[in-house]
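Novice: Here's my sequence, what's the structure:
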Amino acid sequence: MQIVRIGDGAVQQPTAEIIGAKAANLARMAALGLPVPPAFVVPIELCEAIVRQDADAKRQLADGLTAGIEFLENITGRRFGNRRQPLLVSVRSGAARSMPGMLDTVLNVGCTREATNGLIRMTGNPRFAWDCRRRFLESFSSIVLEIEPTLLAGTLTRIVTDEGVDGDGKLDCEAVENVVRAYQQVIEEDEGGTLSDDPMEQLEAAAQAVYRSWTSKRAVAYRELEHFGDLRGTAVTVQAMVFGNRGASSGSGVAFSRDPSTGRAEPVIDVLFDAQGEDVVSGNRNPETEEAIGRSLPAVAAELHETLARLEQEFRDVQDVEFTIEGGRLWILQTRAAKRTPRAALQFAIDFVKEGKITTSQALQRLNGLDLSALVQRRLIECGKPVARGTGASAGIAVGRAAFDSAGAERLTAGGNPVILIRPETSTADVRGFAASVGIVTAIGGRTAHAALVARQMSKPCIVGCPDLKIDVENRSAQLDGARIDEGDWLSMDGEAGTIYLNRCDVAVDRPEMELAEVERWRKQATESQLLKSAEPKGQ
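Specialist: You can find the predicted model right below:
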């Protein structure tokens, strides 16, 4: 077993089947000279053996991690867990095909007590250093130690309340340090919650946990729904951390090179300033849009647009990009083909042919599997005034009965009812509820959260970040514009406009006739070309 290094100038391009699609695309971007943090990959081949706790596989993993950390230390000039110039890393998953949000990631690994002091020395920013430690404890305790996340979440909520602020981002340095001390006490008191302060022990434990996430309930359910039974496991990518939580000129975000919901040829960008990537893709915060980057960091906004265009040209497809801004410098952490609605898939195929990025034959291949005869645009009619608005995350129309968890959605669907799933935030843990529903509405979250991506892939209309929606999960009810919604009540939603109606609206159906006619013309040309080839005389 050999690790694969990314960022050492190598021209080697390992395949997704060896190191996962995420890492393969990282290597490709690094070869293009894009700003990719250096990384190394422990391949997919170890996944099955690590999951079954094979001793030899664990030794191979430890050896690979040791060699990889030496590579990262040499290329960054920092030392893992050091008290003066500490290197912190993220430990990420990556299967041969994209499984957004279904596998685990552990951030800020190596943020020991000593490294926290090192971050203070290195940056002169103690709040940033304690925030990294806080985030490490949250991530590591949940994913590696398997401590119930609500234990730490409750601690954070209590301190936020005591400080009289409206979120953890408003806590001052002393308060964040108090959060860290409280977290450490919770972990120590939890049965089995022993936290090593040795950075290599943290790294080995995190890598094993990421491998084990291959067998998590949500990952297994997703592979079943997407018919990914041929996948052999996940790789583990260890990447030098870049920090979006380092102040007002830093942030994390997700960008699509074109709108994956409607098919419009314009980028869709969400960003959270002074935040790390999980804040954006988890769906538990409402992000800002690209206009915010343009106002604060116009050079970064321009570079991001240029990068999106370059990646689209390189991959010949619409890209879904995760990025971090650290101190006004842009870093690209991931790119992949964007999940899209059928409507967007049709528009992308037509536009890419017109722009000369793909051939008509390639476009037809991309549309293979879509029932174009059934591809229609639906719109609500005779609905009256919407009772609420959120952010449209996946276009489409849905009319159904309200459900407030996956079990309720499956129960109502089994009774023959269409269902709109209503949740406080978008979470990939709700994947079975997504599958059972005709639409999804959440109170919190952004267009680029992992769960919104899954909704688009499943062709489910989705509205996120609806501030007027107040949900009582325990009592299976919600308040919207002063009206109470109980499980089973009828709702209607427009996933593009982001509008919600408290009734059962009528639906009108339109067909994209011009676009469908264009695809039919391609098919006729392909058939005629094939007939001409078959009619050519055979050589002697």
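Novice: rest of the way, CA atoms for contacts and neighbours
Specialist: Fine.
Novice: And the contacts of the lowest-mean-pLDDT helix or strand in the chain?
Specialist: Using mean pLDDT, DSSP states H and E, helix 277-281 stands out as the lowest-scoring helix or strand of the chain, at a mean of 74. Contacts to helix 277-281, defined as CA atoms under 8 Å, 6 or more residues apart in numbering, come from residues 101, 244, 252-254, 270-272, 285-287, 322-324, 445-446, 448-451.
Novice: who does the helix or strand following it pair up with?
Specialist: Tracing the chain past helix 277-281, the next element assigned as helix or strand by DSSP states H and E is strand 288-289. Strand 288-289 has its sheet partners listed here by DSSP bridges as strand 268-273 (antiparallel).
Novice: mean confidence for the strand it pairs with?
Specialist: In this model, strand 268-273 has an average pLDDT of 93.
Novice: List the buried residues of that strand.
Specialist: Buried residues in strand 268-273, counted by 16 or more other CA atoms under 10 Å: 268, 269, 270, 271, 272, 273.
Novice: Filter the contacts of helix 277-281 down to just the ones in strands.
Specialist: Counting by DSSP state E, the contacts of helix 277-281 place 252, 253, 254, 270, 271, 272, 322, 323, 324 in strands.
Novice: mind putting those residues in a markdown table, distance to residue 397 included?
Specialist: Formatted as a markdown table, those follow (distance: CA to CA, whole Å):
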| residue | distance to residue 397 |
| --- | --- |
| 252 | 31 |
| 253 | 27 |
| 254 | 25 |
| 270 | 23 |
| 271 | 27 |
| 272 | 29 |
| 322 | 28 |
| 323 | 31 |
| 324 | 34 |
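Novice: so which of those residues comes closest to residue 170?
Specialist: Residue 170 has its nearest neighbour among the ones in strands among the contacts of helix 277-281 in residue 272, at 13.9 Å by CA to CA.
Novice: Just confirm that closest one contacts residue 291, I think it does.
Specialist: No - applying CA atoms under 8 Å, one finds residue 272 not in contact with residue 291, separated by 12.0 Å.
Novice: still on that earlier bit, just the buried residues of strand 268-273 now: which is nearest residue 118?
Specialist: Distance to residue 118, by CA to CA, is smallest for residue 273 among the buried residues of strand 268-273, at 23.5 Å.
Novice: nearest spatial neighbour of that closest one, skipping sequence neighbours?
Specialist: residue 251 (3.9 Å; CA to CA, 6 or more residues apart in numbering).
Novice: Pull the contacting residues for that neighbour.
Specialist: Residues counted as contacts of residue 251 (CA under 8 Å, 6+ apart) are 243, 244, 245, 271, 272, 273, 274, 275, 276, 324, 325, 326.
Novice: Out of those, which two sit at the greatest distance?
Specialist: Farthest apart among the contacts of residue 251 by CA to CA are 243 and 271. That separation is 13.7 Å.
Novice: if we can go back for a sec, look up how far residue 323 lies from the residue nearest to residue 273.
Specialist: Residue 251 sits 9 Å away from residue 323, going by CA to CA, to the nearest Å.
Novice: Now the contacts of residue 251 in TSV, please, with extra columns for distance to residue 317.
Specialist: Below are the contacts of residue 251 laid out as TSV (distance: CA to CA, whole Å):
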residue	distance to residue 317
243	28
244	27
245	31
271	22
272	26
273	28
274	30
275	28
276	27
324	22
325	24
326	27
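Novice: Narrow the residues you listed to those that are buried.
Specialist: Judged by 16+ other CA under 10 Å, buried ones among the contacts of residue 251: 243, 244, 245, 271, 272, 273, 274, 275, 276, 324, 325, 326.
Novice: Spit out the contact partners of the second one.
Specialist: The reference is to residue 244. 250, 251, 252, 273, 274, 275, 276, 277, 324, 325, 326.
Novice: To what extent is the nearest residue to residue 111 once chain neighbours are set aside buried, counted in neighbours?
Specialist: Nearest non-adjacent residue to residue 111, counting by CA to CA, 6+ apart: residue 133, 5.8 Å away. By other CA atoms under 10 Å, the residues close to residue 133 number 26.
Novice: what helix or strand is residue 133 on?
Specialist: Using DSSP H and E, residue 133 falls in helix 126-143.
Novice: Counting by contacts, list what that helix packs against.
Specialist: Counting contacts by 3 or more CA pairs under 8 Å, 6 or more residues apart in numbering; DSSP states H and E, helix 126-143 is packed against strand 106-109, helix 113-123, helix 149-163, helix 173-189, helix 199-212.
Novice: on that earlier part again, for residue 16, state which of the ones in strands among the contacts of helix 277-281 is nearest.
Specialist: residue 322 (18.3 Å).
Novice: Hmm, residue 269 and the closest one touching each other?
Specialist: No - counting by CA under 8 Å, residue 322 stays clear of residue 269, with 9.8 Å between them.
Novice: what's the overlap in contacts for those two?
Specialist: Residues touching both residue 322 and residue 269 by CA under 8 Å, 6+ apart: 253, 254, 255.
Novice: This protein - how does it break down into domains?
Specialist: Split into domains by automatic domain parsing, the chain comes to 242-339, 342-369+518-535, 377-504.
Novice: Tell me the buried residues in stretch 133-153?
Specialist: 133-145, 147, 152.
Novice: again, but for stretch 253-265
Specialist: For stretch 253-265, by 16+ other CA under 10 Å, it's 253, 254, 255, 256, 257, 258, 259, 260, 261, 262, 263.
Novice: Run through the residues that contact the third one.
Specialist: What that stands for is residue 255. Per CA under 8 Å, 6+ apart, neighbours of residue 255: 267, 268, 269, 270, 308, 320, 321, 322, 323, 448.
Novice: Tell me how far it lies from residue 521.
Specialist: Using CA to CA, one gets 33 Å for the distance from residue 255 to residue 521.
Novice: cool, the second one as well?
Specialist: The spacing between residue 254 and residue 521, counted by CA to CA, is 36 Å.
Novice: now swap in the first one and tell me
Specialist: Counting by CA to CA, the separation of residue 253 from residue 521 is 39 Å.
Novice: Could I get the contacting residues of residue 482?
Specialist: Per CA under 8 Å, 6+ apart, neighbours of residue 482: none.
Novice: So what does it look like in phi/psi?
Specialist: phi 80, psi -10 (degrees, to the nearest 10).
Novice: got the contact list for the residue nearest to residue 15 when sequence neighbours are not counted?
Specialist: Counting by CA to CA, 6+ apart, residue 24 is the residue found nearest to residue 15 once chain neighbours are left out, at 6.0 Å. Residue 24 is in contact with 13, 14, 15, 16, counting by CA under 8 Å, 6+ apart.
Novice: For those residues, please prepare a markdown table with the additional fields secondary structure and pLDDT.
Specialist: Shown next, in a markdown table, are the contacts of residue 24 (DSSP: H, G, I helix; E, B strand; the rest coil; pLDDT from 0 to 100):
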| residue | secondary structure | pLDDT |
| --- | --- | --- |
| 13 | coil | 74 |
| 14 | coil | 83 |
| 15 | coil | 91 |
| 16 | helix | 94 |
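Novice: Report the buried members of those.
Specialist: Buried, going by 16+ other CA under 10 Å: 14, 16, out of these.
Novice: isn't there a helix covering residue 460?
Specialist: No - Residue 460: not assigned to a helix; according to DSSP: H, G, I helix; E, B strand; the rest coil it is coil.
Novice: For it, give me its contacts.
Specialist: By CA under 8 Å, 6+ apart, the contact set of residue 460 is 394, 395, 396, 434, 437, 438, 439, 440.
Novice: Nice, that's everything, thank you.
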